[in-house]
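Colleague: Please find the sequence and the predicted model below.
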Amino acid sequence: EAGVAQSPRYKIIEKRQSVAFWCNPISGHATLYWYQQILGQGPKLLIQFQNNGVVDDSQLPKDRFSAERLKGVDSTLKIQPAKLEDSAVYLCASSLPPGPFYTFGSGTRLTVV
Amino acid sequence: GQQVMQIPQYQHVQEGEDFTTYCNSSTTLSNIQWYKQRPGGHPVFLIQLVKSGEVKKQKRLTFQFGEAKKNSSLHITATQTTDVGTYFCAGLGMGYYGQNFVFGPGTRLSVLP
């Protein structure tokens, strides 16, 4: 079984630029999550999709972050414009509803300079 | 909102020594999960606990869920260098739209050979 695919693996951008991350979950996993993991901290949920619908985006900074999962399969997370404090690893995870556990991708390490 | 705390933040042990990390939630949990993240890697699911007082073992790892379902612990017997990494607990809490797991900040384990 293929794992959760994410790209790019690394990204360096200047502040105020935009960036997009892509995630392809495990085939058949209806639930997809985007997490932000700042160095030395635990993952923080940004948004949760069930198929192509948003279940929880209460912690997503909507003034600069957006995410979509148009066909209920792969997903894109965008930041525009980026701030220095957005430097983090962005993890995508998927699960079969209602769980029981997340399978994480390798993440995208974003550095904003 | 729900908060999940872990202690200690860091632990350095000599190979062969035991290790314990504690997880505490500000609210009662329906279940709790544990993940391990190797340096430079992504979180990998270890186990889920759902019952009050539940104890589960995986080889040298022992997981326990507190009677009040507000705390949990992970104990590693006779640590090995392969145990190096950050151990996260994640408690199931109630998000605005539904349920999602809240991760603790993690305990980083170093094992000296």
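Modeller: Yep, it's here. This is a predicted model, so every value here is computed, not measured.
Colleague: ok, and the residue at minimal distance from the centre of chain A, which helix or strand is that part of?
Modeller: Central residue of chain A (CA atoms, centre = their mean): A:Trp34, 3.0 Å from the mean position. Assigned by DSSP states H and E, A:Trp34 belongs to strand A:31-37.
Colleague: and that strand, which strands flank it?
Modeller: strand A:44-50 (antiparallel), strand A:88-95 (antiparallel) (DSSP bridges).
Colleague: May I ask which helix or strand of chain B has the lowest mean pLDDT?
Modeller: One helix or strand of chain B scores below all others by mean pLDDT, DSSP states H and E: strand B:99-103, with a mean of 83.
Colleague: which parts of that one are buried?
Modeller: Buried residues in strand B:99-103, defined by neighbour count with 16 or more other CB atoms under 10 Å in any protein chain shown: B:100-103. To be clear about C-beta, it is placed using only N, CA and C from the backbone, and glycine gets the same treatment.
Colleague: likewise stretch A:60-72?
Modeller: Neighbour counts using 16+ other CB under 10 Å place A:60, A:65-67, A:69 of stretch A:60-72 among the buried residues.
Colleague: now stretch B:9-28
Modeller: For stretch B:9-28, by 16+ other CB under 10 Å, it's B:11, B:19, B:21-25.
Colleague: Centre of the chain to the strand holding A:Trp34, how far?
Modeller: 5 Å (CA atoms, centre = their mean, to the nearest Å).
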